[in-house]
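A.B. asks: sequence unknown, structure follows:
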């Protein structure tokens with residue numbers, strides 16, 4: 001298994017340019033790589049510069065058919081237009097991770113794309129920021145399958161998992177805030193926060209259908225931490 005990995009900084013447009021996609025595809029083509037999966041990651045580095053990583057996973061030294069790479073190229077350009085660029089433009093304040101499966105003929109499955117959206121909420125006014133985040137994502141609620149709530153001593157890390165059909169994505173962004181979904185997610189958050197009061201490391205995942213989550217059936221990690229006191233040779237605390 002090999003990784004064909006490319007990275008570019010995104011300055012003003014926050015898009016993946018078609019020329020850059022073709023440049024990365026040439027790397028995979030030179031390796032004669034049979035691509036199983038393409039992973040796209042968007043984030044912001046320590047200098048506040050947005051970046052994008054394109055990572056192809058597959059087996060090198062296998063593919064020699066020009067039609068295969070032409071198909072991959074056409075599909076990547078379609079993915080850029082219908083999926084990658086819209087997500088970055090609309091959700092640039094999230095870390096974005098996409099996993100796109102590729103079949104034997106170089107066709108990308110753009111109807112079942114795993115998308116992870118991660119955000120860390122910082123104080124002050126945490127509840128307001130969480131409500132705003134839920135409002136921003138509510139138009140995409142039909143794609144949401146899981147929400148991971150996490151943090152140390154308090155919930156401030158949110159990881160949304162979506163199964164996205166890129167053909168339906170762009171119109172959803174024009175929808176207004178779904179107040180019912182926002183209220184439902186916020187109630188889930190409050191329920192989970194109360195349930196995890198006093199816990200050191202919180203990791204709590206809820207699943208659902210069409211964004212309707214069930215906090216009563218979670219997958220959770222229960223981690224207990226004990227702090228030791230230093231004891232001197234004479235039995236006194238230090």
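C.D. replies: Structure's in. What do you need? Being a predicted model, the structure only gives us computed values, none of them experimental.
A.B. asks: ok, longest helix in the protein?
C.D. replies: helix 179-195 (DSSP state H).
A.B. asks: That one - what's its average pLDDT?
C.D. replies: If you average the pLDDT over helix 179-195, you get 95.
A.B. asks: Sheet partners, orientation included, of the next helix or strand after that helix?
C.D. replies: The C-terminal neighbour of helix 179-195 among helices and strands, as given by DSSP states H and E, is strand 201-209. According to DSSP bridges, strand 201-209 has the following sheet partners: strand 144-152 (antiparallel), strand 212-213 (antiparallel), strand 219-223 (antiparallel).
A.B. asks: buried set for strand 201-209?
C.D. replies: 202, 203, 204, 205, 206, 208 (16 or more other Cβ atoms under 10 Å). For every residue, glycine as well, the C-beta is placed using N, CA and C.
A.B. asks: The second one against residue 148, yeah?
C.D. replies: Okay, so that is residue 203. Yes. In this structure, residue 203 is within contact of residue 148 by Cβ atoms under 8 Å, at 7.1 Å.
A.B. asks: re the thing from before, of the buried residues of strand 201-209, which pair is most distant in space?
C.D. replies: The span of those, defined through Cβ to Cβ, is set by 202 and 208 at 19.2 Å.
A.B. asks: So this structure: which segments form each domain?
C.D. replies: Using automatic domain parsing, the domain parsing of the chain gives 1-106, 111-224.
A.B. asks: and the most centrally placed residue in the chain, what does it touch?
C.D. replies: The centroid of the chain falls nearest to residue 116 when counting by Cα atoms, centre = their mean (2.0 Å). Contacts for residue 116 (Cβ atoms under 8 Å, 6 or more residues apart in numbering) come out as 95, 96, 97, 98, 159, 160, 161, 162.
A.B. asks: Please consider this matter closed, and thank you.
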